[in-house]
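Colleague: take this sequence and fold it.
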Amino acid sequence: MKKVIVLIIAISLFIVLSKTKAMINEYEEITKSDKTDVTLYAKKMNEVYTDRF
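Modeller: All right, here's what the predicted structure looks like:
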């Protein structure tokens with residue numbers, strides 16, 4: 001029974017941690033791929049998107 005509970009907790013943590021998001025207010029979501037669960041964020045500076053600070 002102990003092993004089952006540990007397994008359930010491990011699976012739950014894996015699911016929660018695999019759904020992380022970037023939470024930086026200065027960056028905008030540029031594009032998103034639902035197929036691969038990837039999102040590209042960039043910061044707009046002088047009408048150009050960049051990944052630099």
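
Colleague: all contacts plus neighbour counts: C-alpha atoms, from now on.
Modeller: Will do.

Colleague: what is the neighbour count of His49?
Modeller: No, residue 49 isn't His; it's Tyr. 14 (other CA atoms under 10 Å).

Colleague: element containing it, please.
Modeller: Here Tyr49 sits within strand 48-50, counting by DSSP states H and E.

Colleague: for that strand, name the packing helices and strands.
Modeller: Packing partners of strand 48-50 (3 or more CA pairs under 8 Å, 6 or more residues apart in numbering; DSSP states H and E): strand 38-45.

Colleague: from the contact counts, what lies against the strand it packs on?
Modeller: strand 28-33, strand 48-50.

Colleague: show me what Leu40 is bridged to.
Modeller: Using DSSP bridges, the beta-bridge partners of Leu40 come out as Thr31.

Colleague: surely it touches Glu29?
Modeller: Yes: taking CA atoms under 8 Å as the definition, Leu40 is a contact partner of Glu29 at 6.0 Å.

Colleague: anything in contact with each of these two?
Modeller: With contacts defined as CA atoms under 8 Å, 6 or more residues apart in numbering, no residue is shared by Leu40 and Glu29.

Colleague: for the chain, where's the lowest mean pLDDT among helices and strands?
Modeller: The helix or strand of the chain with the lowest confidence, counting by mean pLDDT, DSSP states H and E, is strand 48-50 at a mean of 80.

Colleague: what sits up against that strand?
Modeller: Counting contacts by CA under 8 Å, 6+ apart, the residues touching strand 48-50 from outside are Ala42, Lys43, Lys44.

Colleague: cutoff 6 Å now
Modeller: Ala42, Lys43 (CA atoms under 6 Å, 6 or more residues apart in numbering).

Colleague: check the offset of it from the chain's centre.
Modeller: Taking the mean of its C-alpha atoms, strand 48-50 sits 20 Å from the chain's own mean (CA atoms, centre = their mean, to the nearest Å).

Colleague: okay, now the sheet partners of that strand, with direction.
Modeller: Sheet pairing here is set by DSSP bridges, and for strand 48-50 it gives strand 38-45 (antiparallel).
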